[in-house]
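Colleague: predicted model and sequence follow; I will ask about them next.
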Amino acid sequence: MIKNIVLFLVLFAVSVSGQTSQTSRTVAFIDVNLIPMDKERVVPHQTVIVRNGVIAEIGDVSRVKIPAGTQRIDGTDKYLIPGLTDMHVHLFTDDEFPDSLAEDEEKILAPTIYAASPHFTGRKQTNAFVVTTEAEARTAVQKSKQDGYDFIKVTTFLQPEVYEAIVDEARKRKIRIVGHADSRSIGLARALKARQHLRRRRPIDGRLGYPRVVDVVRSHVAS
């Protein structure tokens with residue numbers, strides 16, 4: 001019932017684009033009730049044009065002109081919202097990661113999951129690569145890449161030389177690094193230099209006050 005009421009714009013647009021020809025990647029959601037998510041409201045009788053996966057035009061159904069060759073989706077009595085993204089979920093074991101989301105994976109509308117590796121740490125922890133030498137670090141990066149993870153996640157208790165080995169091997173394997181900048185051993189400046197994607201749930205570097213953090217970030221942006 002829900003799928004008949006709500007269209008998930010990004011996911012649906014991606015799924016239907018595969019059914020169109022290579023020369024036509026424009027989709028129109030016609031006469032739909034639009035929920036733009038900027039505030040609590042519903043905008044009725046809207047047409048949304050999506051071109052090559054990007055929203056190109058939104059407007060009243062009586063005003064928007066639909067280009068020739070566009071795939072048309074009837075939005076009458078349906079609701080359209082932006083695609084939803086959950087930015088932070090923990091799957092503590094690979095057993096929690098689904099091998100299959102449906103019997104027929106070509107027809108299901110499902111989330112796209114970008115998964116980080118088990119976290120890299122210098123001490124024994126749950127679902128982790130415990131790496132205390134450069135060789136262990138490089139091997140773990142290689143395995144993560146081979147296993148199909150999208151990112152290498154670094155967390156705590158990593159020695160600087162081990163961290164640098166992770167960064168170097170990840171660069172060679174063309175896989176990005178995300179995670180923490182442990183102030184006890186790595187710190188903000190080193191993480192920025194490595195072009196690590198930082199996540200901030202608590203102060204990034206406990207040894208630095210906020211003004212100093214800003215100075216460090218600015219110095220690396222400038223360089």
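Modeller: Nice, I can see it. Numbers count the residues shown, from 1 in each chain.

Colleague: now the protein, which segments are flagged as low pLDDT?
Modeller: Counting by pLDDT under 70, the chain shows low-confidence ranges at 1-24, 92-110, 199-223.

Colleague: quick one, helices of it?
Modeller: 2-5, 9-17, 134-146, 160-173, 187-193, 210-222 (DSSP state H).

Colleague: can you list the domains in the chain?
Modeller: According to automatic domain parsing, the chain comprises the domains 2-81, 94-222.

Colleague: near Val64, how many other residues are there?
Modeller: 15 (other CB atoms under 10 Å). No exception for glycine: its C-beta is placed from N, CA and C like everyone else's.

Colleague: that one and Asp38: what is the separation?
Modeller: 19 Å (CB to CB, to the nearest Å).

Colleague: likewise Ile73?
Modeller: For Ile73, the distance to Asp38 equals 23 Å [CB to CB].

Colleague: looking at these two, which one has more neighbours?
Modeller: Neighbours per residue, other CB under 10 Å: of Ile73 and Asp38, the larger number sits with Ile73, 20 against 6.

Colleague: hang on, that one packs against Thr26?
Modeller: No - between Ile73 and Thr26 there is no contact under CB atoms under 8 Å: 11.4 Å.

Colleague: which stretches of this structure form strands?
Modeller: Per DSSP state E, the chain carries strands over the ranges 6-8, 26-34, 43-51, 54-60, 71-74, 79-81, 119-121, 128-130, 151-154, 176-179, 197-198.

Colleague: pairing partners for the last one, with directions?
Modeller: Yep, that's strand 197-198 we're talking about. strand 176-179 (parallel) (DSSP bridges).
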